[in-house]
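K.L.:
For reference, the sequence and a predicted model appear below.
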Amino acid sequence: MTVDRKFTLASLPEHRLDALLSRHAMLERELATNLSPDDYVKSSREFSELGPVVSAIKAYRATTAEIADLDAMMNDSSVDAEMRNMAAAEKPALQEKREKLEHDIRIALLPKDAMDDHSAILEIRAGTGGDEAALFAGDLFRMYERYAAKQGWKTEIMSMSEGTKGGFKEIVASVQGRGVFAKLKFESGVHRVQRVPDTEASGRVHTSAATVAVLPEVEDVDIDIDEKDLKIDTMRAQGAGGQHVNKTESAIRITHIPSGIVVYVQEERSQHKNKARAMTMLRARLYDQERTKLDSARAAERRGQIGSGDRSERIRTYNFPQGRVTDHRINLTLYKLPQVMEGEALGELIDALVTEHQAELLAAEGAA
């Protein structure tokens with residue numbers, strides 16, 4: 001990775017480890033009682049989530065005890081030399097195991113983004129490059145759709161405007177599943193493509209771009225919207241070329257007057273469903289607006305994080321002639337462009353970004 005991290009971390013907070021073990025044991029006892037169906041689902045989910053870190057804590061403490069036993073044996077003059085040598089030979093492997101477990105536990109203890117478990121709104125817009133940019137926006141949407149399917153997530157188009165030669169001028173989709181935002185949040189920014197368009201007779205490579213925004217899908221309880229602040233318009237849905245998709249006024253446009261945010265949904269034939277989707281999009285955009293304000297206020301604290309999440313920031317280049325994808329935030333290049341576009345190798349990029357983010361948080365903890 002790109003950052004050289006030389007920092008010293010304090011020992012693991014044993015009181016937090018004890019609390020996690022106690023919580024896990026309490027949940028195990030709860031699950032053996034007659035819980036209501038809702039409580040059972042909630043408790044079993046938390047029990048399952050705590051399982052890996054609890055296993056790591058138990059293994060860490062067992063390994064620490066083994067090392068202490070070896071140290072005692074090595075320092076005991078009454079133990080014969082051969083046994084002391086065997087103990088000395090075993091110790092390095094156990095120390096390496098303990099360091100790995102300690103790292104895993106630290107990652108598990110890092111503060112989590114409150115929205116990480118949420119579903120997400122994925123917005124892709126064609127940028128510079130005209131028709132080629134719209135085609136690339138379509139390619140990006142299919143890439144994310146395939147990646148989502150491999151994760152077991154569900155993708156539903158909420159709004160779209162097709163390009164004149166294919167692809168999308170703009171497409172907005174809901175990606176439903178657990179942990180969607182945690183995985184996709186680093187995809188926000190400008191994605192650049194370098195390739196020879198189908199319409200290019202001379203074989204010249206063109207550079208185009210598309211903008212991706214990933215917003216956490218939020219509920220009514222997450223952000224309050226006053227109905228008096230909304231201007232709601234109904235209209236007939238429009239299709240490609242301007243023809244009417246249906247004859248009823250089912251399309252919905254909602255304007256949030258204080259912020260000026262406008263959302264438009266026409267994908268469903270039901271006005272009620274379109275309004276519900278439009279409100280979901282509006283909540284996500286309002287939440288993102290507030291989040292951006294907070295992030296700006298904390299800019300000094302966040303300089304070490306991966307990029308700024310700013311939509312104007314170029315984050316990745318897809319070079320078709322060379323078959324490579326480069327993420328500029330972590331200087332990672334993969335010569336797996338076809339696999340990335342199929343959604344198969346996209347996980348390698350996303351996992352690298354998540355790992356880098358965790359390393360930055362650990363570095364900040366060490367510096368503190």
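P.N.:
Looks like it came in fine.
K.L.:
Tell me how many other residues crowd residue 150.
P.N.:
Neighbours of residue 150 under the rule other Cβ atoms under 10 Å: 12. In this view, the C-beta of every residue, glycine as well, is placed from N, C-alpha and C.
K.L.:
Also residue 228?
P.N.:
Neighbours of residue 228 (other Cβ under 10 Å): 6.
K.L.:
tell me the contacts of it?
P.N.:
The contact partners of residue 228, by Cβ atoms under 8 Å, 6 or more residues apart in numbering, come to none.
K.L.:
same check, this time on the one 5 residues further on
P.N.:
Contacts of residue 233 were listed using Cβ under 8 Å, 6+ apart, and they are 252, 253, 254, 255.
K.L.:
for the last one, helix, strand, or coil?
P.N.:
Per DSSP: H, G, I helix; E, B strand; the rest coil, the secondary structure class of residue 255 is strand.
K.L.:
ok, and the closest non-adjacent residue to it?
P.N.:
In space, and not counting its chain neighbours, residue 255 is closest to residue 231: 4.2 Å by Cβ to Cβ, 6 or more residues apart in numbering.
K.L.:
Isn't that neighbour up against residue 254?
P.N.:
Yes: the criterion here is Cβ atoms under 8 Å, and residue 231 meets it with residue 254 at 7.2 Å.
K.L.:
what about those two, which has more around it?
P.N.:
residue 254 (20 against 10).
K.L.:
Does residue 118 belong to a helix, a strand or coil?
P.N.:
Look at residue 118: counting by three-state DSSP, its state is coil.
K.L.:
That one against residue 217, yeah?
P.N.:
Yes: using Cβ under 8 Å, residue 118 is in contact with residue 217, at 5.4 Å.
K.L.:
more crowded one of these two?
P.N.:
Of the pair residue 118 and residue 217, residue 118 is the one with more neighbours under other Cβ under 10 Å, namely 24 against 20.
K.L.:
Contact partners for that one?
P.N.:
So residue 118 contacts 180, 181, 216, 217, 218 (Cβ under 8 Å, 6+ apart).
K.L.:
repeat that for 6 Å
P.N.:
Contacts of residue 118 were listed using Cβ atoms under 6 Å, 6 or more residues apart in numbering, and they are 181, 216, 217.
K.L.:
So for the last one, what pLDDT did the model give?
P.N.:
Spelled out, that is residue 217. pLDDT for residue 217: 82.
K.L.:
In terms of helices and strands, where is the closest residue to residue 343 other than its chain neighbours?
P.N.:
The shortest distance from residue 343 to any non-neighbouring residue, by Cβ to Cβ, 6+ apart, is to residue 146 (3.0 Å). Using DSSP states H and E, residue 146 sits within helix 130-150.
K.L.:
which of the residues in that helix are buried?
P.N.:
Neighbour-count burial for helix 130-150, counted by 16 or more other Cβ atoms under 10 Å, picks out 130-141, 143-145, 147-148.
K.L.:
Then stretch 66-73?
P.N.:
For stretch 66-73, using 16+ other Cβ under 10 Å, the buried residues are 67, 70, 73.
K.L.:
After the helix or strand hosting the last one, which helix or strand is next?
P.N.:
Pointing back at residue 73 there. If you go by DSSP H and E, residue 73 is part of helix 37-74. The C-terminal neighbour of helix 37-74 among helices and strands, as given by DSSP H and E, is helix 81-109.
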